[in-house]
Each structure stands twice: as structure tokens, then as C-alpha cells.
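Trainee: Next comes the sequence, and after it the predicted model I'd like to discuss.
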Amino acid sequence: MRVLKEWDAKVKLVKTRRGAILHMIELGPGHFYLEQNPLKDSKYGVAYRKIKENFPEFYMFWEIKNNRYTGKLLAGAFLEKREIDDFITLLAQSEDFKKFEEIFEEIEEMEE
């Protein structure tokens with residue numbers, strides 16, 4: 001494995017003017033990812049609130065560059081393998097998916 005690009009990222013816990021406590025991933029001046037506000041009465045706020053009820057370790061972050069939403073979303077969860085198995089099974093119930101084996105990929109060494 002060879003590093004192509006590197007960021008010095010900071011993870012912050014921030015409080016909005018309305019009192020929501022959110023995670024922020026800061027990549028540089030004016031460039032960060034802000035967690036979706038689950039208290040917001042919007043399409044994504046309501047959806048995020050419902051997802052968090054069933055998957056509390058799931059996170060959604062919106063990319064913001066130069067004080068503007070880019071429309072890009074970073075989403076993921078910190079889970080144990082057994083926790084993701086049920087989720088994957090729900091998403092991939094086709095016969096094609098069933099033919100794949102459970103294989104852990106070999107980790108490549110970092111090149112200096």
C-alpha cells in the first residue's frame with residue numbers, strides 16, 4: 001500500500017446555536033464534515049433520528065467547503081463483524097450475493 005494523499009484531520013464535538021451536540025471532522029480551513037442534526041425536523045434529520053434508534057453507532061456527516069454544503073455525504077458505523085452481518089443480509093438477498101464466501105482480505109504493507 002502506498003499513501004497517495006494525507007490529511008491532518010481533527011474530530012471535534014460541537015454545540016449548535018439550537019443546542020444540538022454534533023461531531024465534526026475538520027480537514028482544513030473551511031473544509032469539514034458535520035454530523036447530521038438528529039433534532040432537525042427535515043427529511044434527513046427525521047431519517048437520521050430513526051436510523052439511530054436501531055443503529056446507535058451509525059453516523060452521517062455532510063461535507064462543507066467554504067461555508068457551503070457540497071452535496072457529498074460520509075456515512076458509516078462502528079460495528080463488530082456480527083453486527084454488520086444482519087445489515088448486509090438485508091441488503092444482499094440475491095442468489096448472486098450468496099455465492100461469495102466470507103473471506104478476509106490480506107492487509108498490504110505500507111511502502112516507505
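Mentor: Cool, got the structure.
Trainee: Show me the contact partners of the helix or strand where residue 61 lies.
Mentor: Element membership of residue 61, judged by DSSP states H and E, is strand 58-65. Outside strand 58-65, the residues that touch it by CB atoms under 8 Å, 6 or more residues apart in numbering are 23, 25, 30-36, 44, 48, 51-52, 69-77. All C-beta spots, glycine's among them, are computed from the backbone N, C-alpha and C.
Trainee: try 10 Å this time
Mentor: With contact meaning CB atoms under 10 Å, 6 or more residues apart in numbering, strand 58-65 is reached by 22-25, 27-28, 30-38, 44, 47-48, 51-52, 69-79, 87.
Trainee: C-terminal to it, which secondary structure element comes first?
Mentor: Immediately after strand 58-65, counting by DSSP H and E, sits strand 68-77.
Trainee: what's the angle from that next one to strand 58-65?
Mentor: 160 degrees (axes from the mean of the first three to the mean of the last three CA atoms, to 10 degrees).
Trainee: How about strand 68-77, which residues are buried there?
Mentor: Within strand 68-77, no residue counts as buried by 16 or more other CB atoms under 10 Å.
Trainee: averaged over its residues, what pLDDT does the strand holding residue 61 have?
Mentor: Mean per-residue pLDDT for strand 58-65: 95.
Trainee: Thank you, goodbye.
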